[in-house]
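K.L.:
Below is the sequence, then the predicted model.
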Amino acid sequence: MTGKRNDYISWDEYFMGIAVLSSKRSKDPNTQVGACIVNDQKIIVGVGYNGFPIGCDDDKLPWDREGDWCDTKYPYVCHAELNAILNSHGNLHGATLYVALFPCNECAKAIIQSGIKRVVYLSDKYRDSDSSKASRRMFDDAGVRYEHFESDKEIVIKF
Ligand SMILES: O=c1[nH]c(=O)n([C@H]2C[C@H](O)[C@@H](COP(=O)(O)O)O2)cc1CO
Ligand SMILES: [Zn+2]
């Protein structure tokens with residue numbers, strides 16, 4: 001008798017893998033973020049990555065990080081989490097968000113209001129920023145759990 005294979009990926013690895021794969025679509029030269037929303041039946045209900053709004057030309061708006069605010073990417077870029085929420089279908093109540101970077105305070109608000117109850121994140125590179133502090137404060141108040149993604153798996157895709 002042949003048993004099942006054992007080196008399959010976990011649910012968390014699967015969904016975080018999709019978030020990371022989605023980030024590969026980002027045109028941001030500095031930080032690429034992907035997000036994947038999964039409902040309580042483990043069905044993917046939304047994916048997204050950071051990019052400019054539909055109809056706004058990736059080659060015309062700036063990707064700079066510094067300078068006059070209007071000449072940087074910050075006023076224009078739509079965050080991965082927000083895109084995943086806006087692209088989603090169905091009810092997000094009780095859903096889990098897998099995201100490559102811990103959410104900023106603006107996304108935290110959208111996450112809470114959409115009914116998402118759990119956030120699994122990979123990078124926390126802006127952990128000490130005021131934005132991250134505000135996100136944690138709101139998540140704590142609103143009862144949204146957040147946890148760092150832990151895995152020692154390496155997933156390679158070769159086409
Ligand atoms: O939660 C987030 N989600 C998200 O999509 N982003 C995007 C916005 C920008 O395109 C990029 C951050 O750029 P930078 O690391 O160069 O400041 O990541 C940034 C955050 C957190 O700052
Ligand atoms: Zn954000």
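P.N.:
Received the coordinates, thanks. Ligands and ions are numbered 1, 2, ... in the order given.

K.L.:
OK, contacts around Thr96?
P.N.:
Taking C-beta atoms under 8 Å, 6 or more residues apart in numbering, we find Thr96 in contact with Phe15, Ile37, Val38, Ile116, Lys117, Arg118, Val119, Val120. (C-beta placed from N, C-alpha, C; glycine too.)

K.L.:
distance of the fourth one from ligand 1?
P.N.:
Think Ile116. Taking C-beta to the nearest ligand atom, to the nearest Å as the measure, Ile116 falls 13 Å from ligand 1.

K.L.:
what helix or strand is Ile37 on?
P.N.:
strand 34-38 (DSSP states H and E).

K.L.:
what mean pLDDT does that strand have?
P.N.:
For strand 34-38, the mean per-residue pLDDT is 99.

K.L.:
Any part of it near ligand 2?
P.N.:
No: residues of strand 34-38 contacting ligand 2 under C-beta under 5 Å from the ion: none, with a closest distance of 9.5 Å.

K.L.:
So what are the sheet partners of that strand and their directions?
P.N.:
Within its sheet, strand 34-38 is paired with strand 44-49 (antiparallel), strand 96-101 (antiparallel), according to DSSP bridges.

K.L.:
Local confidence estimate at Met1?
P.N.:
Value for Met1, per-residue pLDDT: 74.
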